[in-house]
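Peer 1: Prediction below, plus the sequence it came from.
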2 protein chains.
Amino acid sequence: MSRPGSPEKSELLKGTLDMLILKTLTVQPLHGYAIAQQIHELSDSVLTVEQGSLYPALQRLQKKGWVTSRWSESPTGRRARYYTITASGRKQLGQEISSFDRVLLAIHRVMEGA
Amino acid sequence: MSRPGSPEKSELLKGTLDMLILKTLTVQPLHGYAIAQQIHELSDSVLTVEQGSLYPALQRLQKKGWVTSRWSESPTGRRARYYTITASGRKQLGQEISSFDRVLLAIHRVMEGA
DNA sequence: CCCATATATGTAGAAGTCCTACATATAATA
DNA sequence: TATTATATGTAGGACTTCTACATATATGGG
């Protein structure tokens, strides 16, 4: 993920990519390129998923059984691999969200000097 | 950083460690061990900074000029290296907080389907 | 018709952070 | 006396992400 407007490298929030991808797939199956577009647009162009992050991530998710894929045709008529979230993937997403919220709250406490 | 209660590895929120360390140093200079304790306690034991992350991070911050250090004596009478945040470090902290908030909002938008 | 751009997938190599495990040393406590 | 807490640090590896590259097709402007 990169953040336009911030020239420095962002190591910030590594590990949220899987969560974001799984989330976009809860609405409907999508191909990789469309997933990246969704994340970019929904985030008001703050988040950009690079190809070099996107496709390895999708392979990772599939290897773990959280998504399945099949070749199909995109609305533009080009071949595209569509990804579908599995039951296991939905469970994983729920856990990642819980974990994310928990860590976020913890960080907030530290930053506020609790 | 590891999170007790979550057996799985957390890649979550990588890159926030520098911000957390700098924040704890805004109150007063501290030695490494005390910084880790602060983060652990303020986060209600959710965040644990491992030695293998802590000391390399402190060296990193010093190399970038965001903290300075000097050998001194801890309240327990042992030798300890005390770290002080620099003006440059405070500026960096401000930028990291802005960046963090911005990315967080963006993630929130994606997760809410905005 | 041609060329640039958008769509679409993927790999290779490197950078960087973080973790586990180890090594060392002293003070306090049981 | 032995273990735990305090205190610093390194080595090696795992993992994610980025940049850059490679490939291919469809569309729209000139």
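Peer 2: Here it is on my side, so go on.
Peer 1: where does the residue of chain A found nearest DNA strand C sit relative to residue A:29, distance-wise?
Peer 2: Proximity to DNA strand C, evaluated over chain A using CB to the nearest atom of the strand, is greatest for residue A:74 at 2.7 Å. C-beta here means a position set from N, CA and C on the backbone, and glycine is covered the same way. Distance of residue A:74 to residue A:29, computed by CB to CB, to the nearest Å: 12 Å.
Peer 1: how about the longest helix along chain A, does it get close to DNA strand C?
Peer 2: For chain A, the longest helix by residue count, based on DSSP state H, is helix A:87-111. No - Helix A:87-111 stays clear of DNA strand C (CB under 7 Å from any atom of the strand), getting no nearer than 10.8 Å.
Peer 1: and what of stretch A:33-44?
Peer 2: Yes - Stretch A:33-44 is in contact with DNA strand C by CB under 7 Å from any atom of the strand, via A:33-34, A:37.
Peer 1: do that stretch and DNA strand D meet at all?
Peer 2: No - using CB under 7 Å from any atom of the strand, stretch A:33-44 stays clear of DNA strand D, with a minimum separation of 9.9 Å.
Peer 1: Off-centre distance for that stretch?
Peer 2: Centroid separation for stretch A:33-44 versus its chain: 9 Å, with CA atoms, centre = their mean, to the nearest Å.
Peer 1: for it, which positions count as buried?
Peer 2: Using 16 or more other CB atoms under 10 Å in any protein chain shown as the test for burial, stretch A:33-44 gives A:33-36, A:38-40, A:42-43.
Peer 1: Now render the residues you listed as JSON lines, adding pLDDT.
Peer 2: Below are the buried residues of stretch A:33-44 laid out as JSON lines (pLDDT from 0 to 100):
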{"residue": "A:33", "pLDDT": "97"}
{"residue": "A:34", "pLDDT": "98"}
{"residue": "A:35", "pLDDT": "98"}
{"residue": "A:36", "pLDDT": "96"}
{"residue": "A:38", "pLDDT": "97"}
{"residue": "A:39", "pLDDT": "96"}
{"residue": "A:40", "pLDDT": "95"}
{"residue": "A:42", "pLDDT": "96"}
{"residue": "A:43", "pLDDT": "94"}
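Peer 1: Tell me how far residue A:60 lies from residue A:92.
Peer 2: Distance from residue A:60 to residue A:92, counting by CB to CB: 12 Å.
Peer 1: ok, those two, which is more surrounded?
Peer 2: Set residue A:60 next to residue A:92 and count neighbours by other CB atoms under 10 Å in any protein chain shown: residue A:92 wins out with 21 against 14.
Peer 1: Skipping its backbone neighbours, what lies nearest that one in space?
Peer 2: Distances taken as CB to CB, 6 or more residues apart in numbering or on different chains place residue A:66 nearest to residue A:92, at 5.2 Å, with adjacent residues excluded.
Peer 1: wouldn't residue A:74 be in contact with residue A:34 here?
Peer 2: Yes - Residue A:74 lies in contact with residue A:34 (CB atoms under 8 Å); the separation is 7.5 Å.
Peer 1: overlap in contacts of these two?
Peer 2: Shared contacts of residue A:74 and residue A:34 (CB atoms under 8 Å, 6 or more residues apart in numbering or on different chains): residue A:80.
Peer 1: one step back: and which of the buried residues of stretch A:33-44 is nearest to residue A:53?
Peer 2: residue A:36 (9.0 Å; CB to CB).
Peer 1: mind listing the helices for chain A?
Peer 2: A:17-25, A:32-42, A:51-63, A:87-111.
Peer 1: what angle sits between the second one and helix B:87-111?
Peer 2: Going back to what we said before, that points to helix A:32-42. Angle, helix A:32-42 to helix B:87-111, by axes from the mean of the first three to the mean of the last three CA atoms, to 10 degrees: 110 degrees.
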